[in-house]
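Predicted structure and sequence below. I'll ask about it afterward.
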Amino acid sequence: IRDLVRSRGLGDVYKRQTLDSAANAVNVSGNWEVAASGAFISTGRVTFNAGSGTVIIEPGGTDGNHDFHHVVFDDSAGTALFRLAGDVVANGDFTVTNGMVDTTASNYGITAGGNYTQAAGAQVKANASVITVTGDFSADGSADDADPVAYPASVVSAYYNNAAIDMAGTASTVSYTHLT
């Protein structure tokens, strides 16, 4: 596995070849980078659980070799900023439990083949990105702008203001609470 996964720092995952995690859960406390020539294959859940700092999520492509099955962002009530460096596709659920996910000024897209959930206390800075959801969309923005010390105004100035939400499913429900 040493040739398949290289650590560039504590908790970082960098894949140059193919890593098949099957249905196993994968916990990542650092950056995630899949090279365009690499592949990550999984029917399990990937949880990003850094407690602080900026974590870069670089999927490496938008084909099936670079998708997540279920993906969770959970910094355990810390101050982690999960910054996307490419479109993120979850064939299952996309969940933000704690922390902030930022699609950046590049407006990287988010696709949830299942449900999209932003829990109370979590933050999503969607900028002008397209968020495509096949299942249910549920977002609680009660934490947006709530902690200007941890997340300065320059980071949290626009959440869903310019984003496009594409409800691709036929039985999808949409729930907004406290969004700006």
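Perfect, I can see it now.

Could you use CA atoms for every contact and neighbour count after this?
OK.

Residue 28 and residue 60, how far apart?
Noted for residue 28: a distance of 17 Å to residue 60, by CA to CA, to the nearest Å.

Please disregard the earlier target; I meant residue 83.
On the measure of CA to CA, residue 83 and residue 60 end up 14 Å apart.

same check, this time on residue 42
Residue 42 is 15 Å from residue 60, by CA to CA.

Show me where the protein dips below the pLDDT cut-off.
In the predicted model, the chain carries pLDDT under 70 at residues 1-19, 62, 77, 141-164, 169-180.

Who are the contact partners of residue 103?
Contacts for residue 103 (CA atoms under 8 Å, 6 or more residues apart in numbering) come out as 83, 84, 85, 109, 125, 126, 127, 129.

Please flag which of these sit within strands.
83, 84, 125 (DSSP state E).

how about these in TSV, adding neighbour count?
Below are the ones in strands among the contacts of residue 103 laid out as TSV (neighbours: other CA atoms under 10 Å):
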residue	neighbour count
83	19
84	23
125	23
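
possible to save those as CSV with distance to residue 53?
Output for those, formatted as CSV (distance: CA to CA, whole Å):
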residue, distance to residue 53
83, 10
84, 14
125, 16
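
Excluding residues flanking it in the chain, which one is nearest residue 64?
If the residues on either side of it in the chain are set aside, residue 64 comes closest to residue 41, at 7.8 Å by CA to CA, 6 or more residues apart in numbering.

Just the element for that neighbour, please.
Using DSSP states H and E, residue 41 sits within strand 39-42.

Remind me what that strand packs against, helices and strands.
strand 18-22 (3 or more CA pairs under 8 Å, 6 or more residues apart in numbering; DSSP states H and E).

which neighbours does the strand holding residue 41 have in its sheet, and in what orientation?
strand 18-22 (parallel) (DSSP bridges).

Go through the helix or strand following the partner strand and flag the buried ones.
Scanning forward in sequence from strand 18-22 by DSSP H and E, the next helix or strand is strand 26-28. In terms of neighbour count (16 or more other CA atoms under 10 Å), strand 26-28 has its buried residues at residue 28.

ditto for stretch 107-114
If you call a residue buried by 16+ other CA under 10 Å, then stretch 107-114 has these buried ones: 107, 108, 109, 110, 111, 112, 113, 114.
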